[in-house]
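> when you get a sec, could you give me coordinates for this:
(chains A, B and C)
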Amino acid sequence: MSKVKELFNKYQVLAYIVLLALLCVVPFALPKAVYVRYACNILMYATLAGSLNIINGYSGQTCLGQAGFFAIGAYTMGALSTKFGISFWLLLPLAGILAAFVGFLVSLPTLKLKGIYLSIVTLGASEIIRIIAQTWTPVTGGAMGIKQIPYPEMFGLDTFRPKYYYFIFLFIGVIFLFVTKRVLQSRVGRAWISIREDEIAAKSLGVQTSFYKSLNFMYGAFWAGVVGCAYAPFVNYIEASQFSTDTGFNVLAMIVIGGQGTLIGPIVGSTIVTLLTESLRFLESWRYVIYAVLIIAMMWLRPQGIAGASRSILAGGKIKRKKQAAGAEGGATNG
Amino acid sequence: MEYFLNQLVNGLCQGAIYALMAIGYSVIVGVVGMVTFAYGEIMMIGAFGAYYVFQFVGINLPIALLAAFASSFLLGIIVYKLCYERFFNAPRHISLLCTIGFSMLIKNLVQIVFGPETKPVLNIIDNRTFNIPLGGAISIDLKLLQIVVMILVVVLAVTLTLFFNRTRAGVALRAVSQNKDAAYLMGINVKRTAMLGNCIGCGFGGIAGILLAIYYYSISTTTWGGFSMKAFAASVLGGLVDLRMSALGGLCIGIVENLGITISSATFRDVFAFGFLIIMLVLRPQGFASKKGNRV
Amino acid sequence: MKKFVSLLLVMVLALSLTVLPVSVQGKGVIKLGGLAPLTGNYAEYGKGFQVGWQMAIDEINAGGGANGYMLEIDVKDTQGDTVVSSTMATAFAEDDDVLAILGDFTSGSCKANASIVDRYGIVQLSPTASAPDYAGMSPFCFSIMGRQDGEAPYLATYVLKKYLGVDKVAVIRVDSDWGLACFENFKAQADIEGLEVTEEKYKSDETDFSSIITKAKLGDPDVLVVMDQGAAVSAIFNAADAAGWDVKHVALGPGTSEQVVSQLMTPDNIIVTSPFFFDPENEELTKWKEEFTSKAGFEPTVHPACAYDTMYLIKTAIENIGDGKVTRDAIRAALQDLEMQGITGRIKFEPAGDIQRDYMICGVEGGEWLVLKGFDYVNE
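Numbers count the residues shown, from 1 in each chain, chains lettered A, B, ... in the order given. Below you'll find the predicted structure:
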């Protein structure tokens, strides 16, 4: 494994280009059209899970309400494109900004709260957003939702076909990773990680925790909004029940299983959960039983997730263990 | 005016059930020291335990209540072993995520066994309504069902208080909820006591669950997550651990919900509960309790 | 050399045989896509679709198929969820072998799929979508349930005004596309008839109706009308009974559903509108009903009967194409023009792609459904 990592680090740029090229070929190489749709879902949820990972995995705030920010992005696209014909590409950043604004509002009451209180407020906010979506009929279509959302214009291609829509999700995913990597390596990212590991210590070192926590929420919400905006034309019909707490928990499952605190964790999680969802569709409720077991198993065996940040508080800190290497004891290092 | 009073009565009755729920929740959080997301599903198991008693034994309320308590109590043991015991000294988010997984697990297992449809729960308590004049031309409708529920909740609350104050086990529970290490030093088996506290809280949840099913004349597998939220919201008023304040919180939420529906429509029911919660958290996150342990 | 050549020849011949279509029973198989809620709130109806379709396919194939083609349907569970329905619809549409889609159950899902089937150019024939604006969304959208601008006004004029003779009505309805379509069409007619109407709505997974009942009871109406299908119907009426409210129960939506009757506290109090009834006098219908019940494990309403008819509609459409190539477009064109007698009655599509039906009033006596007023009541 480390050999691969060595090779990877040496030829990073080349490796990324090869990876990107492979990803571009995927939609044309898959035998069945429905597989392409799965691939789209994987990419979309990878970014959505990534946005939640920013909050849960990098600042240590356990947000449970990502569905709300997702909804804001989706409805922005749905409402503004069907009512005013605004272009998708313009709405992408706009949806993100609106969601970030709501993220800011949600962060305000949470600044003084910790742990479960913070989580419950995020859940409550997500539910309130959903209920507004369900009842504010003139804007959101109420219980009827918004239908026939126009597909984006992209070089004149038939974007209603999943194999072309794939590239929209790929585009968003790549930009997300690129920007986020930069942010995480900056002062902002370091502040977030310091808050995650030990907020009091961070404060005592002069980190303005409230400011960075709020910024963290806004950043995570921004990307959830962007993904939401891309989601809306893809499913072509949005309606409040698509943004329930179950949706939020699904995304949470992805980062719990795939890994928190690393950039690749959400991608792993999204792939695993989406593939399980689709291939096990015939199992219906048993699917969720499997996730649930996976989540619990993860918490027992590897709390940071499969590809999560092992050298961080996410890995569990002081769960009773006999012998343990020093690295796992809540030390603050890069994720 | 009568309509308003009737909705108030509805609110009091529903609030009583919420209060029971909140008490159970507070016992868990107080004694175990960890928050749960699985409370709704625990209530559901209690409700189903009683439902199956109705199916196989017949309409027998006392046995059903016992069955509800017992089913949730037993489930509490599993929850404890899976989600709490191992993580006493770990970061809080881990046990939280574990309970989220557990709630998903139980919800879907029950759906597989029971089916996703809503089944009716009828004829448990006679359909009698008493019309009580209040002076002037005003009278309110009080259903037999509502009277039974409210009396039951009061009885259970009093029993619990007596248990906490007069029995050895109860005192041990209080000790553990105040300070685990000190209790340990006093010779109390902290792990077993914490489990007992958890299971009692779950048992109360189970009773609240079957009461809700009887009150709504139906039982299903999907509505319980919302009740988990409400239990939490109610006990926030008590700083999550104070029983009396949590019960009051439950009562408040019940009343606010029903009166709120009077003004607007039923679709906003959850908004009131959440709104109440968020306002509480903004104004006074520690609740109105006297200071106790607050390790969340 | 000769041996080699002959071996080569044999191999080429063998290969070509595998490439050529092998017609054992005629011209081959036509694949259809099926969308139905096999789980979730509307599971009863989804399973009914599945059984109804299979019954029809078995009969058609046993009789030599549709113009020689065997029919085959791949039923996917849409869970009563619109996004799942759209995903399945897209999957069918992308599969060039699928020539038509049957389903889904709810108007909402069908409407959401409308742009998908329109873009790909594949028929979506729903047994039960009844929102009046559905079929017009695309030339590829069809439904045979009847429209809410037929059934809802019928409720106002013939059930409430003429049969029950009441003035004040409380409506409790589900907040969905279908529910809205029902109520709007109902209200328009109710206003003409001079009925006083109050409205309460609830979200589709609601379970607590006690506050809604208290509100609806306020105006002291003569009748309580519920517009929904599935478990909520009985839950609402039970909540009304539990509140000690003595009022007539009328429902639009569930049809003559067994499930509803079995879950009601006071089943004899209910009246429904239905475009169809399994008349015990009618031998053919009774036989169909018995066969369905033995295959499904529960008794049918009009919905699975419609599903059965949709399969026969496809068969008729294929037969009407005659010798031409059976394509998605050809099926659409044939469907638009055909006329057929199904077990649910005569079916001929309006230009939009749906049909107008007649309705009757049904009630319950001793736990069994019966017809109170038949199709002729409108002429009395």
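
> chain center to stretch C:217-232: distance?
Relative to its chain's centre, stretch C:217-232 lies at 23 Å (CA atoms, centre = their mean, to the nearest Å).

> with stretch A:138-147 instead?
Here the centre of stretch A:138-147 is set off from its chain's centre by 25 Å, with CA atoms, centre = their mean.

> show me what counts as buried in that stretch.
A:140-147 (16 or more other CB atoms under 10 Å in any protein chain shown). Bear in mind the C-beta positions are built from the backbone N, C-alpha and C, glycine included.

> so what touches that stretch?
A:75, A:78-79, A:82, A:132-137, A:232, A:236-240, C:82, C:108, C:111-112, C:114-115, C:175-177, C:179-180, C:203-204 (CB atoms under 8 Å, 6 or more residues apart in numbering or on different chains).

> I'd like to know which of these are part of strands.
A:237-238 (DSSP state E).

> related to what we said a few turns ago, now tabulate the buried residues of stretch A:138-147 in TSV and tack on secondary structure.
Listed next are the buried residues of stretch A:138-147 as TSV, based on DSSP: H, G, I helix; E, B strand; the rest coil:
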residue	secondary structure
A:140	helix
A:141	coil
A:142	helix
A:143	helix
A:144	helix
A:145	coil
A:146	strand
A:147	strand
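
> now, which of these sits nearest chain B?
residue A:143 (8.4 Å; CB to the nearest CB).

> can you say which of the contacts of stretch A:138-147 are buried?
Buried subset of those (neighbour count, 16+ other CB under 10 Å): A:75, A:78-79, A:82, A:132-135, A:232, A:236-240, C:82, C:108, C:111-112, C:114-115, C:175-177, C:179-180, C:203-204.

> which among those are in contact with chain B?
Filtering the buried ones among the contacts of stretch A:138-147 for proximity to chain B (criterion: CB under 8 Å from any CB of the partner chain) leaves A:134-135, C:175, C:203.

> show me those residues that map onto helices.
Among these, the subset assigned to helices under DSSP state H consists of A:134-135.

> please convert the ones next to chain B among the buried ones among the contacts of stretch A:138-147 to CSV, extending it with pLDDT.
Formatted as CSV, these follow (pLDDT from 0 to 100):
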residue, pLDDT
A:134, 85
A:135, 83
C:175, 85
C:203, 79
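
> any idea how far the most centrally placed residue in chain C lies from residue C:301?
Chain C has residue C:128 as the residue nearest its centroid, 2.2 Å off, counting by CA atoms, centre = their mean. According to CB to CB, to the nearest Å, residue C:128 and residue C:301 sit 10 Å apart.

> which neighbours do those two have in common?
Residues touching both residue C:128 and residue C:301 (CB under 8 Å, 6+ apart) are residue C:45.

> before we move on, what SS does residue C:272 have?
strand.

> and the closest residue to it other than its chain neighbours, what helix or strand is that in?
Of all residues not flanking residue C:272 in the chain, residue C:251 sits nearest, at 4.8 Å (CB to CB, 6 or more residues apart in numbering or on different chains). For residue C:251, the element it lies in under DSSP states H and E is strand C:248-252.

> using PDB, write out every CA atom in whatever helix or strand comes next after that strand.
Per DSSP H and E, the first helix or strand lying C-terminal to strand C:248-252 is helix C:258-263. What follows is helix C:258-263, C-alpha atoms only, in PDB (Å, rounded to 0.1, in the frame of the first residue of the first chain):
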ATOM      1  CA  GLU C 258     -61.100  -4.500   0.900                       C
ATOM      2  CA  GLN C 259     -58.400  -3.100   3.000                       C
ATOM      3  CA  VAL C 260     -60.300   0.000   3.800                       C
ATOM      4  CA  VAL C 261     -63.400  -1.900   4.900                       C
ATOM      5  CA  SER C 262     -61.400  -4.300   7.100                       C
ATOM      6  CA  GLN C 263     -59.800  -1.400   9.000                       C
END
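
> for helix C:258-263, packing partners?
Helices and strands touching helix C:258-263, by 3 or more CB pairs under 8 Å, 6 or more residues apart in numbering or on different chains; DSSP states H and E, are helix C:231-242.

> does chain B sit close to the helix it packs on?
Yes: using CB under 8 Å from any CB, a contact is recorded between helix C:231-242 and chain B, made by C:231-232, C:234-235, C:238-239, C:241-242.

> check what contacts that helix and list those residues.
Residues contacting helix C:231-242 (CB under 8 Å, 6+ apart): B:117-118, B:120, B:122, B:127, B:143, B:145, B:216-218, C:41, C:172, C:174, C:202, C:204, C:206-207, C:209-210, C:212-213, C:216-217, C:224, C:226, C:228, C:247, C:249, C:251, C:253-254, C:257, C:259-260, C:263-266, C:269-270.

> related to what we said a few turns ago, which neighbours does the strand holding residue C:251 have in its sheet, and in what orientation?
The pairing partners recorded for strand C:248-252 under DSSP bridges are strand C:223-227 (parallel), strand C:270-274 (parallel).

> for stretch B:90-101, buried residues please.
B:90-101.

> which of those residues fall in helices?
Secondary structure from DSSP H places B:92-101 of the buried residues of stretch B:90-101 in helices.

> with distance to residue A:208 added, can I get those in CSV?
As requested, those are exported to CSV (distance: CB to CB, whole Å):
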residue, distance to residue A:208
B:92, 24
B:93, 23
B:94, 28
B:95, 30
B:96, 27
B:97, 28
B:98, 33
B:99, 33
B:100, 31
B:101, 35
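
> among the residues you listed, which are in reach of chain A?
With CB under 8 Å from any CB as the criterion, those include B:92-98, B:100-101 near chain A.

> closest to chain C out of those?
Among those, and counting by CB to the nearest CB, the member closest to chain C is residue B:100, at 20.5 Å.

> can you pull the contacts of that closest one?
Applying CB under 8 Å, 6+ apart, the residues near residue B:100 are A:64, A:249, A:252, A:295, B:37-38.

> just the element for residue 287, please.
Defaulting to chain A. Using DSSP H and E, residue A:287 falls within helix A:285-301.

> switch to chain C, please.
helix C:283-296.

> how about that helix against chain B, any contact?
No: using CB under 8 Å from any CB, helix C:283-296 never reaches chain B; the gap is at least 15.4 Å.

> about what we covered before: quick one: residues contacting the residue nearest to residue C:272.
Counted by CB under 8 Å, 6+ apart, residue C:251 has contacts C:225-228, C:233, C:237, C:260, C:270-272.
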